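Trainee: Quick one, structure for this:
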Amino acid sequence: MTFKSITVAAIAALSIGTVAQAESHSETGNPMVGGAPMFADKNIVENAVNSADHTTLVAAVKAAGLVDTLASPGPFTVFAPTNAAFDKLKPGTVEALLQPEAKDQMTKILTCHVVAADAMSDAIAGMIADDGGMHIVPTVGGCKLEASMDGDTITLKDEQGRMINVTIADVDQSNGVIHVVDRGILPAM
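Mentor: Numbering: from 1, shown residues only. Down below sits the predicted model:
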């Protein structure tokens, strides 16, 4: 798999994140995300475009040219920030990153939200426990995230020392899994 295809998958996964309620949809068995059912037989991109809470993520994935990557077989674990997560950035940041001249920077940021594996929350929690309370998670974009537990919640520390919480875990996809997060993940600058 090429870096470009991995990068696309990372961005598509990002567009799915939300702080929405984790209601199970009886038809899919998956939590609802952004008011939409998430189908395990659809890929990350196919599901993300239906989430009202991930319109910024979807726009970012498109701007970075990662749609094909995130629609590929994977497997991918995507830590998907919601629109509200993007709103926590400095005013004007998202708009600037959506410009064609910022494509490389957007790609780097988005791929730091993607892991080249299918890791459900119980597996992540197990790795954290096995490593004494903190597990290093390498991303497709080259970032190293520190995963730990805060009670029953998986938390991530990005390379800037910012804490990110998984708000909806285990949204099963045909090409991996999405975990909705409350902040964007940023690489070291």
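Trainee: What ranges does this protein have for its helices?
Mentor: Secondary structure of the chain (DSSP state H): helices located at 3-14, 44-48, 55-64, 67-70, 83-87, 93-97, 103-111, 121-130.
Trainee: Confidence-wise, which of those helices is weakest overall?
Mentor: Mean pLDDT is lowest for helix 3-14 among these, at a mean of 36.
Trainee: Surely Pro73 is in contact with Asp118?
Mentor: No. Counting by C-beta atoms under 8 Å, Pro73 sits too far from Asp118 to count as a contact (10.8 Å). No exception for glycine: its C-beta is placed from N, CA and C like everyone else's.
Trainee: Of these two, which one has the most company?
Mentor: In this view Pro73 and Asp118 are compared by other C-beta atoms under 10 Å, and Asp118 has more residues nearby, 15 against 12.
Trainee: Next, the contact list for that one, please.
Mentor: 74-77, 176-177 (C-beta atoms under 8 Å, 6 or more residues apart in numbering).
Trainee: from the chain's centre, how far out does the lengthiest strand in the chain sit?
Mentor: Counting residues, the longest strand found in the chain (DSSP state E) is strand 163-173. Remark: strand 163-173 is offset 8 Å from the chain centroid, using C-alpha atoms, centre = their mean, to the nearest Å.
Trainee: What are the buried residues along that strand?
Mentor: 164, 166-173 (16 or more other C-beta atoms under 10 Å).
Trainee: And for stretch 132-145?
Mentor: 135, 137, 139-141, 143, 145.
Trainee: hang on, the earlier thing: give the partner strands of the longest strand of the chain in its sheet and their orientations.
Mentor: strand 153-157 (antiparallel), strand 176-181 (antiparallel) (DSSP bridges).
Trainee: Single out the most deeply packed of these.
Mentor: Counting by mean count of other C-beta atoms under 10 Å, strand 176-181 has the highest mean neighbour count of these, with a mean of 28.
Trainee: what's that strand in contact with?
Mentor: Strand 176-181 is contacted from outside by 9, 13, 16-20, 33, 38, 44, 47-48, 53, 74-82, 85, 113, 117-121, 154, 156, 164-171, using C-beta under 8 Å, 6+ apart.
Trainee: ok so, going back, relative to Lys103, which of the buried residues of stretch 132-145 is nearest.
Mentor: Closest approach to Lys103 among the buried residues of stretch 132-145 (C-beta to C-beta): Gly141, at 13.7 Å.
Trainee: what's the closest one in contact with, if anything?
Mentor: 7, 10, 107-114, 187.
Trainee: how much space between the residue lying farthest from the centre of the chain and Ala125?
Mentor: Largest separation from the mean C-alpha position in the chain: Gly132, at 24.6 Å (C-alpha atoms, centre = their mean). Applying C-beta to C-beta, to the nearest Å, the value for Gly132 to Ala125 is 13 Å.
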